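Novice: Sequence and predicted structure below; questions after.
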Amino acid sequence: MSVLVTGGAGVIGSNVVRELISRGEEVVVADLREDRSLLGEIPVPIECGDICDQDFLKDVLHRRRVEKIMHLAAVMPDWAQANPYEAARINTWGLMSVLEAARRAGISRVVFTSSKAALGTLQAPYIHPDYQPVSESAATNPYDVYGSAKLAAEVLGKQLAEEFGMDLIVLRLASTYGPGKTVRHGKVGILSAIIEGAHRGEPVKIPTGADQKNDFLYCKDIAQAVAKAGYANLCGYHMFHIGSGRLASLRDFVAALQHQLPGANITIGDGLDYAGGGSRHYFLMDIQAARTMLDYQPFYDVERGVADYVANLRLHSRG
């Protein structure tokens, strides 16, 4: 029996694959193309196809004897905004397709990675300067196509899971970072741009935002959360906020990075809102439910996350 990871060749998916393999699972990846650049030498099979294609999913689930599905496949915010129809098809209907294929195959456990974007823009007391942790019961107000599609997937997924009698665990992720985001996720990977630019010896300059606090979630903690959701002794639909458990600023990241790369030339202007979308987009996820029900324990604070990231870059630059 195996675990299927959709989007398993991506930034987060490749870390989920590694985590599952370390736990002794047989893993198969479903992705649009056979790109192994983030998987390295991991001998995991990649099935190339569209997650909205029921014939493709039926064949993979049967031939690979899949017993659990970790559904991570998605398109990113900028692309989603420019292509709303396709974004809804992939980011919303993709989950519906996975759930339908799972129902037909008799698979009861699906884990789905959603996003803080489903929450959208928040008001006080969740944002600067108070940053009260945001729980799963907070009102949702997505501001773009990506967040709207993720929220729609959550709502429809809950209805289908209850109708089908399936276990669907939704993980709403905080702001994520990890190796590969500069290539795969574009401008949303601001921490990757800082870290990777400094590692290449380039001067890094960001006009403003050094004081902006946010919940930054490292890719390996996401992998831990996904794996634990796959093993959790839970029935039915559950949704959890997944974050780092702490706030950090860009100034904190620069300090941690300069411990690893003492000669790094990094300049970030004072102030808030480094991404330019307004201070209502930065907040701290309340992860108490995930701690209690999934035994999720984030490991990577700023120092550990940056150290692991730089170690990864050094390893691959030697290769």
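Specialist: Received the coordinates, thanks.
Novice: Not counting sequence-adjacent ones, nearest residue to D35?
Specialist: Distances taken as Cβ to Cβ, 6 or more residues apart in numbering put A9 closest to D35, at 5.1 Å, once the chain neighbours are dropped. (C-beta placed from N, C-alpha, C; glycine too.)
Novice: quick one, what contacts the one you found?
Specialist: 29, 31, 33-36, 38-39, 46 (Cβ atoms under 8 Å, 6 or more residues apart in numbering).
Novice: mind listing what's buried in stretch 143-157?
Specialist: Buried residues in stretch 143-157, counted by 16 or more other Cβ atoms under 10 Å: 144-154, 157.
Novice: Same list (those residues) but as CSV, adding secondary structure, distance to M70 and pLDDT.
Specialist: CSV is the format used below for the buried residues of stretch 143-157 (DSSP: H, G, I helix; E, B strand; the rest coil; distance: Cβ to Cβ, whole Å; pLDDT from 0 to 100):
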residue, secondary structure, distance to M70, pLDDT
D144, coil, 25, 96
V145, helix, 24, 98
Y146, helix, 20, 97
G147, helix, 21, 97
S148, helix, 23, 98
A149, helix, 19, 98
K150, helix, 16, 98
L151, helix, 20, 98
A152, helix, 20, 98
A153, helix, 15, 98
E154, helix, 16, 98
G157, helix, 14, 98
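Novice: Identify, from those residues, the entry nearest to R89.
Specialist: A149 (9.0 Å; Cβ to Cβ).
Novice: In contact with that closest one, which residues?
Specialist: Counted by Cβ under 8 Å, 6+ apart, A149 has contacts 80, 87-88, 91-92.
Novice: do the same with Y143
Specialist: By Cβ under 8 Å, 6+ apart, Y143 lies in contact with 117, 120-121.
Novice: Please report how far it lies from A124.
Specialist: Separation of Y143 from A124 (Cβ to Cβ, to the nearest Å) stands at 17 Å.
Novice: Could you do V3 as well?
Specialist: Applying Cβ to Cβ to V3 and A124 gives a distance of 41 Å.
Novice: And for V44?
Specialist: 45 Å.
Novice: quick one, which of those two is more surrounded?
Specialist: V44 (19 against 11; other Cβ atoms under 10 Å).
Novice: so when I look at the more buried one, I'm seeing a strand, right?
Specialist: No: per DSSP: H, G, I helix; E, B strand; the rest coil, V44 lies outside any strand segment and is coil.
Novice: pLDDT wise, what is it at?
Specialist: Note on V44: pLDDT of 97.
Novice: That one touches D31, doesn't it?
Specialist: No: in this structure, V44 is not within contact of D31 by Cβ atoms under 8 Å, at 10.7 Å.
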